[in-house]
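Trainee: Fold the following and give me the result.
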Amino acid sequence: MKKTLMLVFMGLASLMGLASCSFDTPAPTIKPPCTHSYEETIVEATCTTDGYTIYKCKKCGEEKYGNSVQKLGHKVAKLLGKAKTCTTDGLTEGSYCERCGEILVKQEVIPASHEWIYNTEGDSTPATCTTPGVANGMFCRVCREKTEGAVVIPALGHDYKHTKITNSYGGSYTLHKCSRCDDTLADTVVLDYHKNYDYVQFTENPIYEEHRATYKALYETLYEGCMSFFDSTENYVADKTKDYALVYNGNQISVRVTSYEFNDGDISSDEAYAITNSFLGNNPQFYFLSSSMIISTSQTLLGKKHTISVTLAEEYFNYSQRQEAMENIKKMEHEVYDLYLADTTIKEKQKALLIHDYIIEKIDYAWENKSEQIASKEHYAHSIMGVADQNPLTGGVCECYAKTYLYLCKFLGVNTIMVSGIGNGGPHGWNYTNIDGKWYGVDVTWDDQESGKITKFFLASKSVMAEDHTPGNSSPYVNISMDSFQVELPELSTEADY
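Mentor: Just a heads-up that it's a prediction; the model follows:
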């Protein structure tokens with residue numbers, strides 16, 4: 001019986017084995033790769049976070065990221081402050097982001113308060129030049145409220161003594177100093193073109209002998225005309241019916257400040273352009289001039305007559321705009337003069353450094369498009385107003401840096417000239433400064449680095465400047481253009497002085 005069961009069992013096992021071997025095992029399923037179909041989602045950059053694009057496959061859900069965009073940074077706008085009064089609170093200045101609305105600098109309340117002048121009972125506080133005195137009580141200098149019985153002693157006012165200051169480098173002004181409190185005030189500097197380096201070259205250098213008289217006459221006419229323009233109170237308009245209008249290129253209109261006429265054979269038009277361009281660079285006090293020079297030609301019985309004109313920048317068509325500019329120039333001068341007054345014993349080198357550092361502290365380089373390295377074309381960026389306008393959001397290009405340095409050096413009596421030419425492959429302007437009888441290179445623009453102030457190009461040697469500064473051609477007869485002409489320059493020292 002056991003044998004029979006064993007045989008049956010073995011038979012069944014054999015059948016099961018046969019059944020098992022009679023079918024193949026199925027191959028594993030291999031999923032084909034996804035032919036992705038991506039859907040783009042753009043995440044915009046914000047002030048504080050980068051932007052990017054999400055690519056998500058609509059079939060399989062795979063995500064990829066690309067097209068990274070740098071965060072925008074805040075677009076800072078000022079929240080104006082408000083002065084406190086004796087009875088109302090004020091506010092400090094603040095700022096916010098115009099783009100996202102975040103408050104960047106919170107405004108703080110300035111509590112209202114009187115500005116009391118007071119004394120102990122029985123004594124009196126004497127008046128000063130600017131502050132009233134008081135006896136027997138308290139007196140508010142702002143709202144003039146006083147306690148019962150108080151006696152106000154009027155402010156004395158300044159007792160200015162006037163001294164005319166003239167230096168040997170073309171700067172003069174009147175210094176007003178109070179005999180009581182030592183307060184000082186300087187009138188706006190007057191620059192004398194007879195001291196201008198380029199004018200002296202036209203007067204004395206033999207290479208300009210052939211047309212010396214015409215060069216000087218052109219220079220003098222431009223200078224006297226621009227000086228007279230300071231007295232103008234007119235509001236100008238670009239209207240071709242006006243006697244000051246200049247129409248050129250068919251329909252473009254400029255306002256003439258002053259002009260000079262010359263005949264064929266006196267000088268060429270290119271020479272006139274070059275001398276006028278030199279005039280513009282070395283007379284930074286004429287902030288209102290545009291960079292445009294217009295030359296016109298007419299036929300007379302005696303031949304052709306040419307007229308070269310300098311024109312008014314449209315930013316200063318209105319008298320009120322010119323008034324504001326002059327006030328800002330005075331403020332700039334007073335700031336520099338106050339720095340100088342801190343130590344009137346400083347020598348020319350320290351004066352030059354004071355001016356160099358003042359300009360760098362005041363402004364940054366002005367860009368139209370920084371990422372593409374395109375400099376600003378705004379008028380202020382090419383004149384002393386880029387510094388003088390007291391606006392930290394404006395700034396200047398090399399012309400502004402060099403002209404302002406020249407202007408303030410003449411103000412403090414440091415012998416300095418402006419130089420134009422090629423710097424690092426492009427048009428550039430810088431300065432030469434004379435210290436103790438030796439000339440040195442100064443490039444305030446290139447010393448104003450994003451990382452901070454440097455002094456590599458302050459009183460630099462000939463070899464340092466020659467690496468990447470090439471002055472324009474000094475001959476008015478060879479390959480001349482309004483941008484490349486530069487009067488013959490002094491030789492730079494072979495050693496730096498800083």
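
Trainee: what residue ranges in the chain are flagged as low confidence?
Mentor: Flagging of the chain using pLDDT under 70 yields the residue ranges 1-28, 119-123, 475-484.

Trainee: Kindly state the domain boundaries assigned to the chain.
Mentor: 81-110, 116-153, 193-315, 320-471 (automatic domain parsing).

Trainee: Is it possible to get those out as TSV so that each row also shows mean neighbour count?
Mentor: C-beta here means a position set from N, CA and C on the backbone, and glycine is covered the same way. What follows is the domains of the chain, written out as TSV (neighbours: other Cβ atoms under 10 Å):
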stretch	mean neighbour count
domain 81-110	13
domain 116-153	15
domain 193-315	17
domain 320-471	19
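
Trainee: gap between Gln107 and His74?
Mentor: 17 Å (Cβ to Cβ, to the nearest Å).

Trainee: if we can go back for a sec, how about JSON lines for the domains of the chain, with distance to Tyr173 added?
Mentor: What follows is the domains of the chain, written out as JSON lines (distance: least, Cβ to Cβ, whole Å):
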{"stretch": "domain 81-110", "distance to Tyr173": "32"}
{"stretch": "domain 116-153", "distance to Tyr173": "22"}
{"stretch": "domain 193-315", "distance to Tyr173": "12"}
{"stretch": "domain 320-471", "distance to Tyr173": "7"}
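
Trainee: So which of the ones you listed is nearest Thr163?
Mentor: domain 320-471 (13.0 Å; Cβ to Cβ).

Trainee: what about that closest one, distance to the chain center?
Mentor: A distance of 10 Å separates the centroid of the chain from that of domain 320-471, by Cα atoms, centre = their mean, to the nearest Å.

Trainee: before we move on, what about stretch 59-69?
Mentor: 44 Å.

Trainee: mind listing the helices for the stretch 151-300 of the chain?
Mentor: 197-204, 212-229, 269-282 (DSSP state H, counting those that start in this stretch).

Trainee: The ones you listed: which one's closest to Leu492?
Mentor: helix 197-204 (14.1 Å).

Trainee: got the angle for that closest one vs helix 269-282?
Mentor: 130 degrees (axes from the mean of the first three to the mean of the last three Cα atoms, to 10 degrees).

Trainee: From the centroid of this structure, which residue is nearest?
Mentor: The centroid of the chain falls nearest to Gly395 when counting by Cα atoms, centre = their mean (1.7 Å).

Trainee: Could you measure from the nearest residue to it once chain neighbours are set aside over to Gly73?
Mentor: Of all residues not flanking Gly395 in the chain, Ala366 sits nearest, at 3.7 Å (Cβ to Cβ, 6 or more residues apart in numbering). Between Ala366 and Gly73 the computed distance is 18 Å (Cβ to Cβ).

Trainee: if I pick the residue nearest to Gly395, what's in contact with it?
Mentor: Contacts here follow Cβ atoms under 8 Å, 6 or more residues apart in numbering; on that basis Ala366 touches 375-376, 378, 380-381, 386, 394-397, 400.

Trainee: The same query, at a cut-off of 10 Å, please.
Mentor: Ala366 makes contact with 375-378, 380-382, 386, 393-397, 400, according to Cβ atoms under 10 Å, 6 or more residues apart in numbering.

Trainee: Distance of it relative to Gln285?
Mentor: 21 Å.

Trainee: Could you tell me the phi and psi values at Tyr365?
Mentor: Tyr365 has phi and psi values of phi -60, psi 140 when expressed as degrees, to the nearest 10.

Trainee: who's in contact with the closest residue to it other than its chain neighbours?
Mentor: Nearest residue to Tyr365 in three dimensions, chain neighbours excluded: Gly395, at 6.1 Å (Cβ to Cβ, 6+ apart). Listed by Cβ under 10 Å, 6+ apart, the contact set of Gly395 reads 362-367, 376, 378, 380-381, 386-387, 389, 401, 448.

Trainee: where does Tyr405 land in three-state SS?
Mentor: helix (DSSP: H, G, I helix; E, B strand; the rest coil).

Trainee: and stretch 415-425, C-alpha only, in PDB?
Mentor: Presented in PDB, the C-alpha positions along stretch 415-425 are these (Å, rounded to 0.1, in the frame of the first residue of the first chain):
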ATOM      1  CA  ASN A 415      48.100 125.300 -10.100                       C
ATOM      2  CA  THR A 416      46.100 122.700 -12.100                       C
ATOM      3  CA  ILE A 417      45.100 122.200 -15.700                       C
ATOM      4  CA  MET A 418      42.700 119.900 -17.500                       C
ATOM      5  CA  VAL A 419      44.000 117.400 -20.000                       C
ATOM      6  CA  SER A 420      42.000 115.600 -22.700                       C
ATOM      7  CA  GLY A 421      42.900 112.600 -24.800                       C
ATOM      8  CA  ILE A 422      42.600 108.800 -24.700                       C
ATOM      9  CA  GLY A 423      42.400 106.800 -21.500                       C
ATOM     10  CA  ASN A 424      42.400 103.000 -21.600                       C
ATOM     11  CA  GLY A 425      41.400 103.100 -25.300                       C
END
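
Trainee: show me what contacts Thr35?
Mentor: 57, 59-60.

Trainee: For those residues, which entry has the maximal number of neighbours?
Mentor: Cys57 (15 neighbours; other Cβ atoms under 10 Å).

Trainee: Isn't that residue up against Glu63?
Mentor: Yes - between Cys57 and Glu63 a contact is recorded at 7.7 Å, counting by Cβ atoms under 10 Å.

Trainee: Report the set of residues contacting both of the two.
Mentor: With Cβ under 10 Å, 6+ apart, Cys57 and Glu63 have common neighbours Tyr38.

Trainee: how close does Ile103 get to Glu63?
Mentor: Distance from Ile103 to Glu63, counting by Cβ to Cβ: 35 Å.

Trainee: Check Ser298 too.
Mentor: Counting by Cβ to Cβ, the gap from Ser298 to Glu63 is 74 Å.

Trainee: repeat for Thr131
Mentor: From Thr131 to Glu63 the distance is 72 Å (Cβ to Cβ).

Trainee: Would you confirm that Ala352 contacts Asp436?
Mentor: No - if you go by Cβ under 10 Å, Ala352 and Asp436 don't touch, sitting 11.5 Å apart.

Trainee: Overlap of the contact sets of these two?
Mentor: Asp497.

Trainee: any idea how far Lys64 lies from Glu40?
Mentor: On the measure of Cβ to Cβ, Lys64 and Glu40 end up 10 Å apart.

Trainee: Find residues that contact each of these two.
Mentor: Joint contacts of Lys64 and Glu40 (Cβ under 10 Å, 6+ apart) are 53-56.

Trainee: so which of those residues would you say is closest to Phe317?
Mentor: The closest of the shared contacts of Lys64 and Glu40, once distances to Phe317 are taken by Cβ to Cβ, is Thr53, at 48.4 Å.
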